[in-house]
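> give me a model of this one.
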Amino acid sequence: MTTGIAAQLDSVDSSARTMRPEAITVSVVVPTLNEAANLEHVLPKIPDWVLEVILVDGGSTDGTVQRAKELRDDVVIIEDLTPGKGHALRRGFDAASGEAIVMIDADGSMDPNEIQAFVAALAGGAEFAKGSRFLHGGGTDDMEWYRRLGNSVLTRMVRMAFGGRYTDLCYGYNAFWKKSIDQLELDAPGFEIETLMNIRALTAGLSIVEVPSFESDRINGQSNLNTVTDGFRVLRTIITERRRPFSSSNVIDLREVTQ
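Residues are numbered from 1 along each chain as shown. Okay, the predicted model is just below:
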């Protein structure tokens, strides 16, 4: 079973294809905190046609920064001790010089080979390409039943409150055009930034495509995510955002096409 990028784009709008993914300048932003043992599963797998890889480190003590330089001598390092994944991502987004930005975790759970599918969605006319573990072709090995339940409930809440057809909410594999940053108005400090991005892409009326993505287990170390605390932060974000004025937007499901 294979997935064809060209066939996927046909499900969006064949007339919208005006460029090849490789023709787009892409910045990949990777937030890190003590991920030295995992970087070998991430940095070398990022496609050669990517313009730049920006690693934003939050004060690692395990040699993450040095390991990143060993694995990729052109990596851009930003060291920032302000806590929070959201803050790290925002620093990386601000520093990015590419036309498009892809955000990916450093724990080895996200496959860098999928970057092409995300960029292909942008090339096909999307303004925001959002990863989904629950579309055909996606999946996860790293979600306990209670996290799966919580994600499902929160996803349904967003669909009811803001419209759209999201199938996954709390997942951080996304891509978007650099020029869309101002429309997203990102200000979240922690893990809730992923939910905030998804909601504000909807409320800003961006053209959104969901891309099937497979999430593997974290390879080494422990996650900095706290299921209860961060779950409540996501819930609070949904409630707070519902009070903001918004416009409806169509969300197109970019599903796997088998050949």
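> which stretches of the chain form strands?
26-32, 52-57, 76-79, 100-103, 128-132, 139-140, 174-177, 208-212, 214-215, 251-253 (DSSP state E).
> list the buried residues of the third one.
Looking back up the chat, that one is strand 76-79. For strand 76-79, the neighbour count (16 or more other Cβ atoms under 10 Å) marks V76, I78 as buried. (Each C-beta comes from the backbone N, C-alpha and C, glycine too.)
> rewinding a little: how about the strands of the chain in JSON lines, adding distance to L149 and mean pLDDT?
Shown next, in JSON lines, are the strands of the chain (distance: least, Cβ to Cβ, whole Å; pLDDT from 0 to 100):
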{"stretch": "strand 26-32", "distance to L149": "26", "mean pLDDT": "98"}
{"stretch": "strand 52-57", "distance to L149": "31", "mean pLDDT": "98"}
{"stretch": "strand 76-79", "distance to L149": "36", "mean pLDDT": "98"}
{"stretch": "strand 100-103", "distance to L149": "25", "mean pLDDT": "98"}
{"stretch": "strand 128-132", "distance to L149": "17", "mean pLDDT": "97"}
{"stretch": "strand 139-140", "distance to L149": "13", "mean pLDDT": "94"}
{"stretch": "strand 174-177", "distance to L149": "23", "mean pLDDT": "98"}
{"stretch": "strand 208-212", "distance to L149": "20", "mean pLDDT": "97"}
{"stretch": "strand 214-215", "distance to L149": "16", "mean pLDDT": "96"}
{"stretch": "strand 251-253", "distance to L149": "22", "mean pLDDT": "46"}
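> any idea which of these gets closest to F191?
strand 26-32 (10.4 Å; Cβ to Cβ).
> give me the residues contacting that closest one.
39, 42-43, 46, 49-58, 60, 64, 68, 85, 88-89, 92-93, 96-106, 112, 115, 119, 178 (Cβ atoms under 8 Å, 6 or more residues apart in numbering).
> looking at those residues, which are in helices?
T64, A68, K85, A88, L89, G92, F93, I115, V119 (DSSP state H).
> so which of those residues wins on neighbours?
When neighbours are taken as other Cβ atoms under 10 Å, the top entry among the ones in helices among the contacts of strand 26-32 is V119 (29 neighbours).
> of the contacts of strand 26-32, select the buried ones using a ChimeraX command.
Only the buried entries of the contacts of strand 26-32 go into this ChimeraX selection, using 16+ other Cβ under 10 Å:
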select :39,42,43,46,50,52,53,54,55,56,57,58,60,64,68,85,88,89,92,93,96,98,99,100,101,102,103,104,105,106,112,115,119,178
